[in-house]
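Peer 1: Take a look and give me a structure for this.
(2 chains)
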2 protein chains.
Amino acid sequence: MNDKIPYKIYLSEDEIPKQWYNVRADMKVKPAPLLNPANGQPLKPEELEPIFCKELIRQEFDNDTKWIDIPEEVLNFYKMYRPSPLVHATFLEKALDTPARIFYKFEGNNTSGSHKLNSAIAQVYYAKQQGLKGVTTETGAGQWGTALSMACAYFGLDCQVYMVKCSYEQKPFRREVMRTYGAKVTPSPSETTAVGRKILAEHPGTTGSLGCAISEAVEAALTQEGYRYQLGSVLSQVLLHQTIIGLEAQKAMKKYDIKPDILIGCTGGGSNLGGFATPFIGEMLRGEADYKIIAAEPASCPSFTKGVFAYDFCDTGRICPLAKMYTLGSQFIPSSNHAGGLRFHGMSPVLSQLYHDGVFECRSVIQTDVFQAAETFARAEGILPAPESSHAIKIAIDEALKCKETGEAKTIVFNLSGTGYFDLMAYGKFNDGTMGDILPTDEELKGCFERLPKVGNE
Amino acid sequence: MNDKIPYKIYLSEDEIPKQWYNVRADMKVKPAPLLNPANGQPLKPEELEPIFCKELIRQEFDNDTKWIDIPEEVLNFYKMYRPSPLVHATFLEKALDTPARIFYKFEGNNTSGSHKLNSAIAQVYYAKQQGLKGVTTETGAGQWGTALSMACAYFGLDCQVYMVKCSYEQKPFRREVMRTYGAKVTPSPSETTAVGRKILAEHPGTTGSLGCAISEAVEAALTQEGYRYQLGSVLSQVLLHQTIIGLEAQKAMKKYDIKPDILIGCTGGGSNLGGFATPFIGEMLRGEADYKIIAAEPASCPSFTKGVFAYDFCDTGRICPLAKMYTLGSQFIPSSNHAGGLRFHGMSPVLSQLYHDGVFECRSVIQTDVFQAAETFARAEGILPAPESSHAIKIAIDEALKCKETGEAKTIVFNLSGTGYFDLMAYGKFNDGTMGDILPTDEELKGCFERLPKVGNE
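Peer 2: Numbers count the residues shown, from 1 in each chain, chains lettered A, B, ... in the order given. Okay, here's the model as predicted:
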């Protein structure tokens, strides 16, 4: 390892990667195809055209092209906030008194507060290219909705956001950021869609879920001329766009001869771990390197560690295609006690296949431990982390403390996907000691698994 | 101007300036001395020792040393978030369709959300050196309190923050950031101090002011063993520490041969404009260059444009020393309609003297115009600006639009001192169209001027 590593490694703007990396091209077992829930047949690209932009469908189905050019206008926007720094967490190392070397890629230095902007700007670019009027989407913690609002403001498209009700209430200020960028924000479930009204009738008083909000946003796209739906995670196209994170990290590490042993990212729908880790996973699949890769997921929404690998709906309203993935069942709604994002019942089909093939491991963590790790990190490194990202911090600290016991100087790299400036209500509960942890029971999960669709799973 | 200017100019860590610049050394007319309100005599350094740290008093009285070394430990901390980028606002230029070249120094990329950390870490370092247990302070919009909390967490000192009540209520989340860094936060005026009780008795239901909170924090420092008071603006020591902003900006501009015509900063107590502009003012005082420097202040708290240049108390409770400055009177409290910081009745004595000598000009702006400028900036440049900083944005846009009329390609540089992530209640009012502007009346100001102290002004 190079001795002269700065605290923050900033690549220059002309070092921003010009292509995204498609890990599917290197996978021997490809992710299973999306199925039409009506007949169980693999979906054809054209069947998705009423919902998604054409070019994004092309990317979604492309299991073969390893490198995909980033459009010039997207690269131009990336310069607003990229390259993001790779930080050598010397202050955290000192606070933990560990021989480990800890690095983090910091994706929070933009107003969306997270990595979500990387895919939002690409998706809106393709919508603009297609001559659309606007896009619809859902948002959980609010980062994705903010990112899409920013991208729409930049390209002059209308933006309609269905925001999970509990986030809408816990984070009123996120709504105002989106409105400042010109978006229309509706708490979900709402009375504005048929599926929203149905969910409200079945579950009065529900605080919503990402699955509900997806159903509403899809319906809104289908029922308005010149609109399409866009999604901030789960889809293979999103993982593709997010690889800018891992590719930049690889470049920065190569520049300073940093050789990672352990790579960590949090997982909700998979955009963060997928974007950060798949360029490294590609090296593993091609037999060029070996890493220990760890997904960090919330114990209150444990798709990998407690879910099943099966075909399931991506949305609670059961109007979306079926995807083969690790899932808790599309009817699973995490406890409203659970703060922040990472609330999705399923998981990226690409990551699900890789996990199924044993390429990486996953650990679930309870949120009081996560916030304790967040506090430690904030006081040492000066950045208030997002609760989502703090799942990765928790595992990174665990690994660094193991090194302290064994005396090993392992190199740990995690993705600090965002900042916690809009999560202060949750921090407040932690500060007050009233946070607690509510985990799904085995019985609850069993009930959800029993409601998995028969199609694709027989 | 160099053609290959990147969108964001990042200096390397070893280019961070190693010394602060003290503009007083270059001033022919020095700022007037602080006076003891009891006898009208210039204060001696030792008289301030119960309130302030010794080394900071030394810096406060030092009108002669032009360059002051930044301690190694402070430089080390600076690496956490510095150098801050100088951004070429090409997206804003395009949105305004102006021939002007616009740059901004961006100080918001740290968890305090502003430039305040530059002085906080220095002040707490000196407190630690002196063997103190803790520090007390006030905070308005919350940036300074957060910055001091972060600095205290880093050096392991106790931190007690008196937060202006209207900010405490408008920004509950700021409190939680401070608590996450271990600080104790009290809304001001409070029942915890004699001066707070007095102010509450005289003005029941008051939403507070920076002047009130200062009185309380000073009393708290005086009445606790091993505590001193620290202030985030106004003082000459603070301007000194903040010159890291202007010095870095100068270095970055020199590197790319950028020659500014107009420099803009917002002013509340003066830390932002002082830190950004005094290195350039120094060039002017030494006859090396000429710039147009513009202070941007709120029309609802117009110290420069409507105030008088006189001796006044720095606090509402009238327990602090007298400073000669532009002031609206220590009894002036801005309308609670006014969002964010820049609520101080007075102004840095250094900047006051320079303004009195005609070195720079000042323009006051109403807040609905400020938020309109903020929205334009956010949509173009992707950063949600602090309301305070948006005063500077408003003037920068005005100047750029003038260039559009005249066809001149002037180079405009402003300091984007912070982000608006904790100001979403105010943005919400703007989005709803319910913001409005409430300005002080001439009668109100006259009443405040009549209550100026006789001492020093006869």
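
Peer 1: what's the spacing between the residue most central in space within chain A and residue B:303?
Peer 2: Taking Cα atoms, centre = their mean, the centroid of chain A lies closest to residue A:271, which sits 3.3 Å from it. Using Cβ to Cβ, to the nearest Å, one obtains 48 Å as the distance from residue A:271 to residue B:303. To be clear about C-beta, it is placed using only N, CA and C from the backbone, and glycine gets the same treatment.

Peer 1: Is stretch A:147-164 positioned near chain B?
Peer 2: Yes: using Cβ under 8 Å from any Cβ of the partner chain as the criterion, contacts between stretch A:147-164 and chain B involve A:150, A:153, A:154.

Peer 1: Surely the first one and residue A:113 touch.
Peer 2: No: applying Cβ atoms under 8 Å, one finds residue A:150 not in contact with residue A:113, separated by 10.6 Å.

Peer 1: which of the two has more neighbours?
Peer 2: Ranked by neighbour count (other Cβ atoms under 10 Å in any protein chain shown), residue A:150 and residue A:113 place residue A:150 first, with 32 against 27.

Peer 1: what residues are up against residue A:288?
Peer 2: Taking Cβ atoms under 8 Å, 6 or more residues apart in numbering or on different chains as the definition of contact, residue A:288 has no neighbours.

Peer 1: now the end-to-end length of stretch A:379-388.
Peer 2: 18 Å (Cα to Cα, to the nearest Å).

Peer 1: List the buried residues in it.
Peer 2: Judged by neighbour count (16 or more other Cβ atoms under 10 Å in any protein chain shown), stretch A:379-388 contains these buried residues: A:379, A:380, A:381, A:382, A:383, A:384, A:385, A:386, A:387, A:388.

Peer 1: same check, this time on stretch A:414-432
Peer 2: Buried positions in stretch A:414-432, judged by neighbour count with 16+ other Cβ under 10 Å: A:414-431.

Peer 1: Next, work out how far apart the residue nearest to the centre of chain A and residue A:230 are.
Peer 2: Taking Cβ to Cβ, one finds residue A:271 at 12 Å from residue A:230.

Peer 1: again, but for residue A:185
Peer 2: As defined by Cβ to Cβ, residue A:185 lies at a distance of 15 Å from residue A:230.

Peer 1: Point out the ones among the buried residues of stretch A:379-388 that are inside helices.
Peer 2: Those of the buried residues of stretch A:379-388 mapping onto helices are A:379, A:380, A:381, A:387, A:388, per DSSP state H.

Peer 1: closest to chain B among those?
Peer 2: Out of these, the one with the shortest distance to chain B is residue A:379. That distance is 4.4 Å, counting by Cβ to the nearest Cβ.

Peer 1: Please name the nearest non-neighbouring residue to the closest one.
Peer 2: Nearest in space to residue A:379, with sequence neighbours left out and distances taken as Cβ to Cβ, 6 or more residues apart in numbering or on different chains, is residue B:153 at 4.4 Å.

Peer 1: what stretches of chain A score poorly on pLDDT?
Peer 2: A:1-3 (pLDDT under 70).

Peer 1: just the helices in the stretch 151-300 of chain A please.
Peer 2: Using DSSP state H, counting those that start in this stretch, the helices of the stretch 151-300 of chain A run over residues A:165-170, A:172-180, A:194-202, A:210-222, A:236-255, A:271-285.

Peer 1: now for those, which one comes closest to residue A:399?
Peer 2: Across the helices of the stretch 151-300 of chain A, the minimum distance to residue A:399, taken as Cβ to Cβ, is reached by helix A:271-285, at 15.1 Å.

Peer 1: what packs against that closest one?
Peer 2: Here helix A:271-285 touches strand A:19-21, helix A:236-255, strand A:262-266, strand A:292-298, helix A:349-356, strand A:411-416, going by 3 or more Cβ pairs under 8 Å, 6 or more residues apart in numbering or on different chains; DSSP states H and E.

Peer 1: relative to strand A:292-298, how tilted is it?
Peer 2: Taking axes from the mean of the first three to the mean of the last three Cα atoms, to 10 degrees, one finds helix A:271-285 and strand A:292-298 inclined to each other by 160 degrees.

Peer 1: Distance from the chain centre to helix A:271-285, please.
Peer 2: Using Cα atoms, centre = their mean, to the nearest Å, we find the averaged C-alpha position of helix A:271-285 to lie 13 Å away from the chain's own average C-alpha position.

Peer 1: how about it: buried residues?
Peer 2: Neighbour count says helix A:271-285 has A:271-282, A:284-285 buried, by 16+ other Cβ under 10 Å.

Peer 1: likewise stretch A:124-136?
Peer 2: Residues A:124, A:125, A:126, A:127, A:128, A:132, A:134, A:135, A:136 are the ones in stretch A:124-136 that count as buried (16+ other Cβ under 10 Å).

Peer 1: so how many other residues sit close to the residue in the stretch 51-200 of chain A that chain B sits nearest to?
Peer 2: Per Cβ to the nearest Cβ, residue A:173 is where the stretch 51-200 of chain A lies closest to chain B, at 3.5 Å. Taking other Cβ under 10 Å as the neighbour definition, residue A:173 ends up with a count of 23.

Peer 1: Spit out the contact partners of the residue lying closest to it once chain neighbours are set aside.
Peer 2: Closest residue to residue A:173 apart from its sequence neighbours, by Cβ to Cβ, 6+ apart: residue B:424 at 3.5 Å. With contact taken as Cβ under 8 Å, 6+ apart, residue B:424 is in contact with A:172, A:173, A:174, A:176, A:177.

Peer 1: Generate a ChimeraX selection restricted to the buried entries among these.
Peer 2: Those of the contacts of residue B:424 that meet the burial criterion (16+ other Cβ under 10 Å) are gathered into one ChimeraX selection, given here:
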select /A:173,174,176,177
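
Peer 1: related to what we said a few turns ago, who's more crowded, residue A:185 and residue A:230?
Peer 2: residue A:230 (30 against 22).

Peer 1: didn't the more buried one look like it was pressed against residue A:149?
Peer 2: No: between residue A:230 and residue A:149 there is no contact, the gap being 11.5 Å when judged by Cβ under 8 Å.

Peer 1: picking up where we left off before, closest one of the buried residues of helix A:271-285 to residue B:80?
Peer 2: Sorting the buried residues of helix A:271-285 by how near they are to residue B:80, with Cβ to Cβ, puts residue A:276 at the top with 22.0 Å.

Peer 1: one step back: out of the helices and strands packed on helix A:271-285, which is the most enclosed?
Peer 2: strand A:262-266 (a mean of 28; mean count of other Cβ atoms under 10 Å in any protein chain shown).

Peer 1: Against which helices or strands is that one packed?
Peer 2: For strand A:262-266, the elements it packs on are helix A:271-285, strand A:292-298, helix A:387-406, strand A:411-416, judged by 3+ Cβ pairs under 8 Å, 6+ apart.

Peer 1: Touching that strand from outside, list them.
Peer 2: Surrounding strand A:262-266, the residues in contact under the criterion Cβ under 8 Å, 6+ apart are A:272-273, A:276-277, A:280, A:291-297, A:342, A:388-392, A:395-396, A:399, A:410-415, A:417.

Peer 1: okay, that strand in CSV with CA atoms only?
Peer 2: Extracted as CSV, the C-alpha positions of strand A:262-266 are listed here (Å, rounded to 0.1, in the frame of the first residue of the first chain):
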residue,chain,number,x,y,z
ILE,A,262,-13.3,-7.0,2.7
LEU,A,263,-15.9,-5.0,0.8
ILE,A,264,-19.2,-4.0,2.5
GLY,A,265,-22.4,-2.4,1.4
CYS,A,266,-25.9,-2.2,2.8
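
Peer 1: can you give me the angle that strand makes with strand A:292-298?
Peer 2: Angular relation of strand A:262-266 and strand A:292-298 on a 0 to 180 degree scale: 20 degrees, by the same axes, to 10 degrees.

Peer 1: Just checking: what are the partner strands of strand A:262-266?
Peer 2: Sheet pairing for strand A:262-266, assigned by DSSP bridges, gives strand A:292-298 (parallel), strand A:411-416 (parallel).
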